[in-house]
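Participant: fold the stuff below for me.
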Amino acid sequence: MRTIPYGYRIENGLAVIEGNEARVLQQAYESYLAGDSLQAIANKLGIQRKPSGMSNLLADPRYLGTDFYPSLINRELFEQVQKVRLDRKQQHSRPLLPVKPIKVCADFEMEPIMRRLDDPYAQAQYVYTLIKEKE
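Facilitator: Next comes the predicted model:
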C-alpha cells in the first residue's frame, strides 16, 4: 500500500517531486480533459490503478501544493478536470425509471419511487410515504 501520493517521494524527511511520475500525472490530467476514460488513461500511461483509484488521483488537491507537498498541477488544469469529472458523473447518473407498484406484503402496496434525495433520512421518509394499505 502506498502512503505517499503518486508523483512524490520522501527525501530527508521532505516531500520532493518524482520526475517521471510527475510527467505521467500531468499527462493523466491532460488525457482526461481530452476525453479519455479513467481505465484508458491508466492503461496508456502504465499506472497500476483501477478507475476508482484514477478518479481519486485526479481529485487529490495535494497536487496543487501544500505546506508539505510541492505543486505538481496548476490550479487552472486541476479545476478544469474537476468540472469535467462532475459533468461526466452527472451524464452517467441513471434516472429512476417508473416501475409497477411493489407488493410489500399481502395487505400493503408501494407506489413507484420517482424521486431521489441526497439526504438518506429524507429519502427513507419519502419512501415510507409511498407505502399504502390495500383497499
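Participant: for the most centrally placed residue in the chain, give me its contacts.
Facilitator: The chain has residue 55 as the residue nearest its centroid, 5.4 Å off, counting by CA atoms, centre = their mean. Residues in contact with residue 55 (CB atoms under 8 Å, 6 or more residues apart in numbering) are 38, 85. Bear in mind the C-beta positions are built from the backbone N, C-alpha and C, glycine included.
Participant: can we see that at 7 Å?
Facilitator: Taking CB atoms under 7 Å, 6 or more residues apart in numbering as the definition of contact, the neighbours of residue 55 are residue 38.
Participant: swap in the one 3 residues further on?
Facilitator: Contact partners of residue 58, counting by CB under 7 Å, 6+ apart, are 28-29, 32, 81, 85.
Participant: and residue 33, by the same measure?
Facilitator: Taking CB under 7 Å, 6+ apart as the definition of contact, the neighbours of residue 33 are 80-81, 84.
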